[in-house]
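Trainee: 3D model of this:
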Amino acid sequence: MADTITEGIISNLKDGAFKTYLESFLPTVVSFFWSVVLALLCWVIGAKLIKAINKIATKALNKKGAETGAIQFVNSLIRVLGYIVIIVLILNLFGVTSTSVAAALASLLMTAGLALQGSLANLAGGVLILVLHPFKVGDYIVEDTKGNEGTVIEISIFYTKLRTIQNEIVVVPNGNLANTSLTNITTENKRMINKTFAISYEDDIRTAKKIIRQVAEDIPTRIKEDEIKVFVNDLGDSSVDIGVRVFVEMDNYFDTMWQFFEDVKYALDENGITIPYNQLQVTMEESK
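Mentor: The predicted structure is shown next:
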């Protein structure tokens with residue numbers, strides 16, 4: 001039996017069957033190898049081209065005075081479209097025709113469109129943000145629905161990134177920002193400090209108003225063209241509420257507001273004005 005197998009192998013070698021197999025198989029291997037090499041070159045060169053196109057687009061948009069958010073959005077769009085083109089070219093290298101790719105892509109987009117309606121809404125929201133300009137990179141916004149707020153640092157295709165005062169990054173879908181109300185605080189160069197201070201009913205209202213007004217007038221970043229308003233805002237159950245409204249520079253709003261509250265507290269204390277607070281009185285009876 002072994003002799004028969006050995007003779008068959010020797011016969012196949014003599015007839016050139018193995019040689020024929022190699023001759024038919026090697027071209028396929030070599031062709032696949034070069035396809036892989038070309039695919040890698042296509043990916044590397046394509047990635048560099050995308051970066052170059054983004055640089056050119058960025059320079060052109062900067063010359064036209066485009067906003068940072070618009071530049072970021074265009075750069076993201078160029079990257080997505082560029083890599084789609086690269087993938088199509090690589091598939092062509094491996095024998096997948098453009099027609100097949102287009103058909104598969106259309107089917108994929110239809111399926112993805114049903115499954116990713118939220119993402120498409122975010123994409124449309126990003127376009128609306130760039131067209132309507134409710135805010136731009138660098139603005140401080142408050143999203144009214146969820147209460148997210150912070151400085152806009154990036155507007156991408158699907159999301160907008162905010163940096164909070166605590167230096168946290170909040171990622172908000174563009175669809176939410178485009179379809180809900182929001183407050184853009186930094187549209188103007190000034191912002192109002194609108195605060196109420198409670199005083200005791202035993203204290204003199206006129207004296208308290210005079211003290212608060214003086215502290216407000218001493219604010220270094222106050223907008224002097226705008227009138228300071230100090231008024232009785234409410235007569236509460238245990239206090240008289242004195243309201244104050246004063247405009248300050250937007251860039252220094254928070255620091256100014258915090259310092260103003262502290263200065264008012266010290267000024268009221270120095271002049272004997274009492275700020276009421278809840279007190280609990282406990283009466284203990286001796287057991288008989």
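
Trainee: shaky segments in the stretch 151-288 of the chain?
Mentor: 279-283, 286-288 (pLDDT under 70).

Trainee: same check, this time on the stretch 1-150 of the chain
Mentor: For the stretch 1-150 of the chain (pLDDT under 70), the answer is 1-32, 34, 95-120.

Trainee: Just the strands from it, written as ranges.
Mentor: 140-143, 149-155 (DSSP state E, counting those that start in this stretch).

Trainee: can you redo those strands as JSON lines with distance to residue 285 and mean neighbour count?
Mentor: Quick note: C-beta positions are derived from backbone N, CA and C, even for glycine. Listed next are the strands of the stretch 1-150 of the chain as JSON lines, based on distance: least, Cβ to Cβ, whole Å; neighbours: other Cβ atoms under 10 Å:
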{"stretch": "strand 140-143", "distance to residue 285": "52", "mean neighbour count": "20"}
{"stretch": "strand 149-155", "distance to residue 285": "52", "mean neighbour count": "19"}
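
Trainee: Residue 33 is nearest to which of these?
Mentor: Ranking those by distance to residue 33, with Cβ to Cβ as the measure, places strand 149-155 first at 41.7 Å.

Trainee: chain center to that closest one: distance?
Mentor: What separates the centre of strand 149-155 from the centre of its chain is 5 Å, taken as Cα atoms, centre = their mean, to the nearest Å.

Trainee: Would you indicate which residues of the next helix or strand after that strand are buried?
Mentor: Next along the chain after strand 149-155, taking DSSP states H and E as the criterion, comes strand 159-163. Within strand 159-163, the residues scored as buried using 16 or more other Cβ atoms under 10 Å are 159-162.

Trainee: Let me know which of the strands of the stretch 1-150 of the chain is the nearest to residue 38.
Mentor: The nearest among the strands of the stretch 1-150 of the chain, by Cβ to Cβ, is strand 149-155 at 35.3 Å.

Trainee: and the closest one, what other elements does it pack with?
Mentor: Under the contact criterion of 3 or more Cβ pairs under 8 Å, 6 or more residues apart in numbering; DSSP states H and E, strand 149-155 touches helix 68-93, helix 117-132, strand 140-143, strand 159-163.

Trainee: Same list, these, but as TSV with distance to residue 278 please.
Mentor: TSV is the format used below for the helices and strands packed on strand 149-155 (distance: least, Cβ to Cβ, whole Å):
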stretch	distance to residue 278
helix 68-93	47
helix 117-132	45
strand 140-143	30
strand 159-163	36
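
Trainee: among these, which is nearest residue 256?
Mentor: strand 140-143 (14.7 Å).

Trainee: Mind giving me the packing neighbours of that closest one?
Mentor: Helices and strands touching strand 140-143, by 3+ Cβ pairs under 8 Å, 6+ apart, are strand 149-155, strand 182-184.

Trainee: who's in contact with the longest one?
Mentor: Going back to what we said before, that points to strand 149-155. Outside strand 149-155, the residues within contact range by Cβ atoms under 8 Å, 6 or more residues apart in numbering are 69-70, 72-73, 126, 129-130, 135-143, 160-165, 168-170, 174.

Trainee: Please apply the same query to the last one.
Mentor: Judged by Cβ under 8 Å, 6+ apart, the contacts made with strand 182-184 from elsewhere in the structure are 134-135, 139-144.

Trainee: Can you redo those residues as a markdown table, where the extra columns are distance to residue 35?
Mentor: Listed next are these as a markdown table, based on distance: Cβ to Cβ, whole Å:
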| residue | distance to residue 35 |
| --- | --- |
| 134 | 49 |
| 135 | 48 |
| 139 | 49 |
| 140 | 52 |
| 141 | 50 |
| 142 | 54 |
| 143 | 49 |
| 144 | 54 |
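
Trainee: tell me, what residue is most central in this protein?
Mentor: residue 161 (1.2 Å; Cα atoms, centre = their mean).
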